[in-house]
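Asks: sequence first, predicted coordinates after that:
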Amino acid sequence: MFRFTRRVAGELCALTLVLVALLAPRPAAGQASVGFGQSRPFVVGLIPVVGRCGAVGGVLIDARGAVARADLAQAQALRDARLAALAELGESPESVSPQRKISLRGLVAALDQQRQKGQPPTSEMQHLAGLVRIEQVFVYPEQQDIVLAGPAEPWLVDAAGNVVGQKSGLPTLQLDDLIVALRAAQAQPASGELISCSIDPTADGLVRLARAMRRQGGAVSDKQLASFAEALGPQQITLTGVPQGSHFARVLVAADFTMKRLGMNFEPAPIDGLPSYLDMLKRSRTGALAGSAPRWWLAPRYEPIARDDDGLAWQLGRASVQTLTEEGFVGRGGAIVAAKAAQGTASQQWAEAMTAGYDQLAIELPIFAELRTCTELAVVGALLVNQNLPARAGCDLDMLFDERRLAVAEYHVPKTIPSQASLVKSGRESIVSVSGGVEIDSWEVLKQPEVRPELAASRKQLATARPKHWWWD
């Protein structure tokens, strides 16, 4: 966001210009109304597509390149399509469990059986037996296995078309998101890339926008407003660490999009205590510094992770999500130069309000719950890779890491998207908001785990009763 000050007819003209980038992946070619991509031998991941559109977390993804909040009719169509698709794959487990266990060795074997039969994963597999969280990871070298444990519920499809637990309303963990998280963790040491999504203007676009705003005089008309968005031009979509067309990536983009809508007052927050950034800016005494360019992004806020003495039992802290901000200014050539965020500014206040209300917001807007879930899966992936747990267990998980044997369902997404402009009255100067994003550093929490010897007893107790099925309570 940056600001221009000018004098018009002896008065300071007060306008706030907001430009928000919208992203929309396109369904994979040859995809049915709802189904599994079959462009590769065996594909994991249910892609909801209703007509030419699909949705993630209540955000409508249009194949033509637009993103919007899904309306009631579109949400109902998505819900009906999901229900029909899930019915073909089998029902969910009927019971609520405080600690459901999943054998990764057993899951891989079950997936391989489906692959050899030419059948898609069952609904149980795709939704990881109803897990809504992973709280513990246990390693069993004697059984050549790794077990994931956490609360689980039967699932249903809610009014917006999201698959959620019947008791908590939390999204169920998705097999394809787990696979993406594992592969991201495996690639990270070599690539150095964090899992991230960012939608940003080009330097040339910022220069053109600055010129256009300096030329405009008097009140801004609808035509002039549209010209500002045209001057800024296509914004760049950057996804790192995960496949661009994966469900995981779509969650990152949809969460970023929804955060922009809340911050820029395109829709009111469905909770108390979270006005838009623009509302805060209008009430702020400090306003913003001339030429300022604040940005916001979503990032994990982890609780500590713990292990036993041998590193065979791990307790994962609950992951939450925080909104971070930084100030900045527009430098020469249109480049935005970052600077430390100052306390008390409207941008900092909005970030703090978004963070404080995140868990409540995730109940009302499931996309934020899905982002938190993907964050937890990223930690699980980093843990398995960082601690080399498959090798320590002697557990063959190569299929989960091998895209040639097991692919995740994929969408094609554009690399650039157009800008959209909206005008709101504010303080004394013109302010342009242009960027945001999501960043997940799943390795940070692994640096200094707590040692809790009592976890070894939990690991031993869990091993006493293991049925032949790949999951159990």
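Replies: Cool, got the structure.
Asks: so where does Gly150 fall, helix or strand?
Replies: Using DSSP states H and E, Gly150 maps to strand 145-152.
Asks: hmm, who's touching that strand?
Replies: With CB atoms under 8 Å, 6 or more residues apart in numbering as the contact definition, strand 145-152 has outside contacts at 93, 96-106, 128-140, 165, 168, 380, 384, 389-390, 393, 395, 397, 462, 473. All C-beta spots, glycine's among them, are computed from the backbone N, C-alpha and C.
Asks: where does the stretch 301-450 of the chain have low pLDDT?
Replies: Within the stretch 301-450 of the chain, the segments meeting pLDDT under 70 span 327-343, 411-418, 420-436.
Asks: Val137 falls within a strand, correct?
Replies: Yes. With DSSP: H, G, I helix; E, B strand; the rest coil as the criterion, Val137 is part of a strand.
Asks: thinking again about what came up before, next helix or strand past the strand holding Gly150?
Replies: Sequence order places strand 155-157 as the next helix or strand after strand 145-152, per DSSP H and E.
Asks: what mean pLDDT does that next one get?
Replies: Averaged over strand 155-157, pLDDT sits at 82.
Asks: still on that earlier bit, out of the contacts of strand 145-152, which sit inside helices?
Replies: Mapping the contacts of strand 145-152 onto helices (DSSP state H) picks out 104-106, 380, 384, 389-390, 393, 462.
Asks: so which of these is the most crowded?
Replies: Counting neighbours by other CB atoms under 10 Å, Leu384 leads the ones in helices among the contacts of strand 145-152 with 28 neighbours.
Asks: show me what contacts that one?
Replies: Contacts here follow CB under 8 Å, 6+ apart; on that basis Leu384 touches 137, 146, 182, 185, 390, 397.
Asks: from Cys395, how far off is it?
Replies: Distance check for Leu384 against Cys395: by CB to CB, to the nearest Å, it reads 10 Å.
Asks: what's the first-to-last distance across stretch 278-297?
Replies: Its first and final residues considered, stretch 278-297 spans 17 Å by CA to CA, to the nearest Å.
Asks: pLDDT on it, on average?
Replies: Rounded mean pLDDT across stretch 278-297 is 67.
Asks: spatially nearest residue to Ala212, not counting backbone neighbours?
Replies: Leaving aside its chain neighbours, Ala212 sits nearest to Ala231 (4.1 Å; criterion: CB to CB, 6 or more residues apart in numbering).
Asks: what count of nearby residues applies to that neighbour?
Replies: Around Ala231 sit 20 other residues, with neighbours defined as other CB under 10 Å.
Asks: report the buried residues of the host helix or strand of it.
Replies: Per DSSP H and E: Ala231 is located in helix 222-232. Residues of helix 222-232 classed as buried by neighbour count (16 or more other CB atoms under 10 Å): 224-225, 227-229, 231-232.
Asks: and it, C-alpha only, in PDB?
Replies: C-alpha atoms of helix 222-232 as PDB (Å, rounded to 0.1, in the frame of the first residue of the first chain):
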ATOM      1  CA  ASP A 222     -15.800   5.300 -12.000                       C
ATOM      2  CA  LYS A 223     -14.000   5.500 -15.300                       C
ATOM      3  CA  GLN A 224     -10.800   6.900 -13.600                       C
ATOM      4  CA  LEU A 225     -11.100   4.300 -10.900                       C
ATOM      5  CA  ALA A 226     -11.100   1.500 -13.600                       C
ATOM      6  CA  SER A 227      -8.200   3.200 -15.200                       C
ATOM      7  CA  PHE A 228      -6.100   2.800 -12.000                       C
ATOM      8  CA  ALA A 229      -6.700  -0.900 -12.000                       C
ATOM      9  CA  GLU A 230      -5.800  -1.100 -15.700                       C
ATOM     10  CA  ALA A 231      -2.600   0.900 -15.000                       C
ATOM     11  CA  LEU A 232      -1.600  -1.500 -12.300                       C
END
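Asks: pLDDT averaged over the following helix or strand past that helix - what is it?
Replies: Per DSSP H and E, the first helix or strand lying C-terminal to helix 222-232 is strand 235-240. What strand 235-240 shows for mean pLDDT is 84.
Asks: each with direction, which strands does strand 235-240 pair with?
Replies: strand 195-200 (antiparallel), strand 416-417 (antiparallel) (DSSP bridges).
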